[in-house]
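J.: Show me how the following folds:
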Amino acid sequence: MQAGESLTVLLVAACLATAWFYATWSGQGPHTVGSGGDSYPLIWGLGWWPYALSHGLNPFFSHRVQYPHGANLMWLPPTVPLLSLLLSPLTVVTGPVTSYNVLATAAPALTTWAAYLAFRRWTMPGSALLGALIFGFSPYMAAQSNDHPFLTFLVTAPLMLIVADRLLVVQEAPAWRDGLWLGLLAAAQLLISEEILVMEAIAALAGVVVLCLLGGRQVPRRALHAAKGLAVALGVWVVVSAYPLAVQFLGPDRLLGQLQPRGVYVGDVWNFITPTSVTALDPVWAHRLTQSFTGNYTEWGAYLGIPLLIFLVLAVVLCWRSRLTWVALAVTVVSGVLTLGGRLHVAGHPTHIPLPWGLVDHLPVLEDLLPLRFSSMLFLGAGLLVALGVDALVSLPARPPGRPRRVVVVGSGLVVLILISLVPRLPFRTNSLPSSKGLAAGWVCPRRAGAPVELLPSSDEAVLYWQAEAGYCFSMPARTGLNVSRDRGALPDPVLAAASAAAETAQRLPPVTPALRDAVKAELARQGAVEVLLPWERRVQALTPALRVATQAELSRLGVRDHIVSKPTLRGTQMRLADWLTSVLRVSPSSVGGVLVWRVRRPLTGG
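T.: Numbering: from 1, shown residues only. Below is the predicted model of the structure:
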């Protein structure tokens, strides 16, 4: 393969990704790709690494959050150490928001490019490109791009496929060399997403088992070479990964128990053939069905579609003599079954039918995996099968006329239907960030760098973004958006966090009593807080005639007939919290650059 061919594919993939997220790049004001929420911890993590390294702090552990105990960041997936390091120059110059958007845009482009490099080893350029696009712009990528671009950076998976082919099949280069590359790729993926690394390992195991079963007498002759390479890979991985894993499993604030509820973020059997809101093809009946699925739309990424499923069968029939076909099929089938979790779900209803994942979902590490994310490996196998199938179609003889020609016509029609069914929805979602001038300019930073500050509403993941925007100039007890240790039984539930949650969910705030004032006093004293900050957002989207018509049309499309579209009547979160805090603290706040500030300079009096 010529360098020009590779660069052309990279340029095409980059243009497609940029067009996909054009709404974010062309928007006014700070925006991020996706819907917000889980994007804030990742923005925090992208900014934390260059800040920590430039200030001589341990980047794997931070006292700036979950103060005063601190947080073990190896249990916070969005810290993505490797990507944070690679993006550090850009982060220092332009800020973590730009780095986040660059990562979200580059992830599908680079993933597509890496898949093309892998598939091109066995297929022609057009076939390889089609398979790579199905992998790099799949419904899985569309779903996870909303909040989790670190889960869409799947560059290592196809590169591991290349190295595995060299080490296990071709065996022309020295074993240590391929082992070195495999170990480095595995270590790199550990520092991007441990979850994806484990899924890559399980998918690879399925492929290797099939390869050995089909290898026959070649297996013993090749086993020694493969074992040498795998030993080198394991050694390299251990050396590079030793410290991060030691921090995670032996360091402070290590987490215990299952982090996510079991049986929620699992695939529904209908998800394989039912389009979701991330695809352009999203009829009303499909929308209603997917709303019954467990989890949320950012995880519903297992949609293959009927045309693709039929083409996968055709590809196996056309390429059944190739061992690679059965390896790709094993990766596809095993990953697809594992997306379903431990119990079969049908139309949102869990059944009592056990599935293979139920045998291991209680084991350490594996219990923290979200089964639906096996869709990443599902589309890797499916993309490779498509590339092999298209290559076989093109290679069918044109003469004599008859069956080969009919197969080509049917296969070509299926390819067109595949592209139509998998086209992502445009424009892609974009999130307007709750920016604050006072925080960004550092006007509300405490005099002593790193001094504790209570930033509200602490139940909102945006507090992590605000802290990053302020340059990590203060510490905060906020835990939202972090995986929190269960070993916190000695501490009472934070009163201010409970009040934040009540305000954000339009519930009644705790009544102001002498006992409540004493509790807030004790909480702030325990934290050593010098300030209480509340970013004051006045941005409310105007209900213009055009927006009213568009909203009513969307509700009508979904079959919602009884609805009222009018101006909001409830006071916003910030206003309710501000009034409540003023009553509790018995002091009026000052407004600094869009931030309400209550100074805590002396002990508060209760009663």
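J.: which residues touch residue 280?
T.: The contact partners of residue 280, taken as CB atoms under 8 Å, 6 or more residues apart in numbering, are 423, 424, 425, 426. Where C-beta positions appear, they are placed from N, C-alpha and C, glycine not excepted.
J.: Next, work out how far apart the first one and residue 111 are.
T.: In other words, residue 423. Taking CB to CB, to the nearest Å as the measure, residue 423 falls 17 Å from residue 111.
J.: who's more crowded, these two?
T.: Using other CB atoms under 10 Å as the criterion, residue 423 and residue 111 rank with residue 111 on top: 28 against 13.
J.: buried set for the lengthiest helix in the chain?
T.: Assignment by DSSP state H gives helix 218-250 as the longest helix of the chain. Going by neighbour count (16 or more other CB atoms under 10 Å), the buried part of helix 218-250 is 222, 226, 228-230, 232-233, 236-237, 240-241, 244-245, 247-248.
J.: in the stretch 501-607 of the chain, which spans are helices?
T.: 514-527, 545-557, 573-585 (DSSP state H, counting those that start in this stretch).
J.: Need phi/psi at the most centrally placed residue in the chain.
T.: Geometric centre of the chain, nearest residue: residue 148, 2.1 Å, by CA atoms, centre = their mean. The phi/psi pair for residue 148 (degrees, to the nearest 10) reads phi -130, psi 60.
J.: and it, how far is that from residue 272?
T.: 21 Å.
J.: for the chain, which spans come out with low pLDDT?
T.: 76-78, 257, 398-403, 459, 479-493, 537-572, 601-607 (pLDDT under 70).
J.: Quick one: the strands in it, in order.
T.: Using DSSP state E, the strands assigned to the chain run over residues 31-33, 61-62, 71-72, 343-346, 349-354, 430-432, 453-455, 531-535, 590-592, 595-599.
J.: which strands and helices sit next to the third one?
T.: I take that to be strand 71-72. strand 61-62 (3 or more CB pairs under 8 Å, 6 or more residues apart in numbering; DSSP states H and E).
J.: Centre of the chain to the strand it packs on, how far?
T.: Distance of strand 61-62 from the chain centroid (CA atoms, centre = their mean, to the nearest Å) equals 21 Å.
J.: Give the partner strands of it in its sheet and their orientations.
T.: Strand pairing for strand 61-62, using DSSP bridges, gives strand 71-72 (antiparallel).
J.: how far is the partner strand from where the chain is centred?
T.: Using CA atoms, centre = their mean, the offset of strand 71-72 from its chain centre is 20 Å.
J.: what's the answer for stretch 171-180, then?
T.: Its chain's C-alpha centre and that of stretch 171-180 lie 33 Å apart, by CA atoms, centre = their mean.
J.: So residue 193 versus residue 118, what's the distance?
T.: For residue 193, the distance to residue 118 - CB to CB - is 19 Å.
J.: With residue 354 instead?
T.: Taking CB to CB, one finds residue 354 at 34 Å from residue 118.
J.: How many neighbouring residues does the closest residue to the residue nearest to the centre of the chain other than its chain neighbours have?
T.: Spatial nearest neighbour of residue 148, excluding adjacent residues (CB to CB, 6 or more residues apart in numbering): residue 38 at 6.2 Å. Per other CB under 10 Å, the neighbour tally for residue 38 reads 18.
J.: what's the answer for residue 520, then?
T.: By other CB under 10 Å, 23 other residues sit near residue 520.
J.: Likewise for residue 143?
T.: 28.
J.: my guess is it meets residue 295, correct?
T.: No. Residue 143 is beyond contact range of residue 295, at 10.0 Å (criterion: CB atoms under 8 Å).
J.: what separates residue 278 from residue 41, distance-wise?
T.: For residue 278 relative to residue 41 (CB to CB), the value is 21 Å.
J.: ok, back up a step: residue 354 and residue 118: who's more crowded?
T.: Counting neighbours by other CB under 10 Å for residue 354 and for residue 118 shows that residue 118 has the greater number, 26 against 11.
J.: distance of the more buried one from residue 157?
T.: For residue 118, the distance to residue 157 - CB to CB - is 9 Å.
J.: Over to residue 370?
T.: Residue 370 is 17 Å from residue 157, by CB to CB.
J.: With residue 259 instead?
T.: 23 Å.
J.: Can you pull the phi and psi angles for the residue lying closest to residue 446 once chain neighbours are set aside?
T.: Excluding the flanking residues, the one nearest residue 446 by CB to CB, 6+ apart is residue 530, at 5.0 Å. Residue 530 adopts backbone torsions of phi -100, psi -20, taken as degrees, to the nearest 10.
J.: ok, the nearest residue to residue 326 once chain neighbours are set aside - contacts?
T.: Once flanking residues are discounted, residue 326 sits nearest to residue 210: 5.2 Å by CB to CB, 6+ apart. Taking CB under 8 Å, 6+ apart, we find residue 210 in contact with 323, 326, 327, 329, 330.
J.: ok, how many other residues are close to the closest residue in space to the first one that isn't next to it in sequence?
T.: The reference is to residue 323. Once flanking residues are discounted, residue 323 sits nearest to residue 214: 4.8 Å by CB to CB, 6+ apart. Using other CB under 10 Å, residue 214 has 14 other residues around it.
J.: same check, this time on residue 55
T.: For residue 55, the neighbour count with other CB under 10 Å is 10.
J.: Residue 370 and residue 157: who's more crowded?
T.: The neighbour comparison of residue 370 against residue 157 (other CB under 10 Å) goes to residue 157, with 25 against 18.
J.: do you know how far that one is from residue 232?
T.: Distance from residue 157 to residue 232, by CB to CB: 20 Å.
J.: swap in residue 37?
T.: 41 Å.
J.: ok, now which ones touch the closest residue to residue 390 other than its chain neighbours?
T.: Spatially, and ignoring its direct neighbours in sequence, residue 390 is nearest to residue 127 (4.1 Å; CB to CB, 6+ apart). Residues counted as contacts of residue 127 (CB under 8 Å, 6+ apart) are 119, 386, 387, 388, 390, 391, 394.
J.: Export those residues to TSV and append columns for neighbour count.
T.: Shown next, in TSV, are the contacts of residue 127 (neighbours: other CB atoms under 10 Å):
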residue	neighbour count
119	29
386	30
387	30
388	25
390	25
391	21
394	14
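J.: Just the closest of the residues you listed to residue 452, please.
T.: Lowest distance from residue 452 to the contacts of residue 127 (CB to CB) belongs to residue 119, with 52.3 Å.
J.: Now for the buried residues of helix 218-250: which two are most distant?
T.: Among the buried residues of helix 218-250, 222 and 247 lie farthest apart (CB to CB), at 37.6 Å.
J.: got the contact list for the residue nearest to residue 446?
T.: Contacts of residue 530 (CB under 8 Å, 6+ apart): 446, 448, 451, 452, 453, 599, 600, 601.
J.: got it, and residue 595?
T.: 436, 438, 439, 443, 444, 533, 534, 535, 536.
J.: sorry, back to before: which other helices and strands does the longest helix of the chain contact?
T.: helix 175-190.
J.: who's in contact with the helix it packs on?
T.: Identification of contacts with helix 175-190 by CB under 8 Å, 6+ apart yields 82, 156, 159-160, 163-164, 166-167, 196-197, 200, 225-226, 228-237, 240-241, 244-245.
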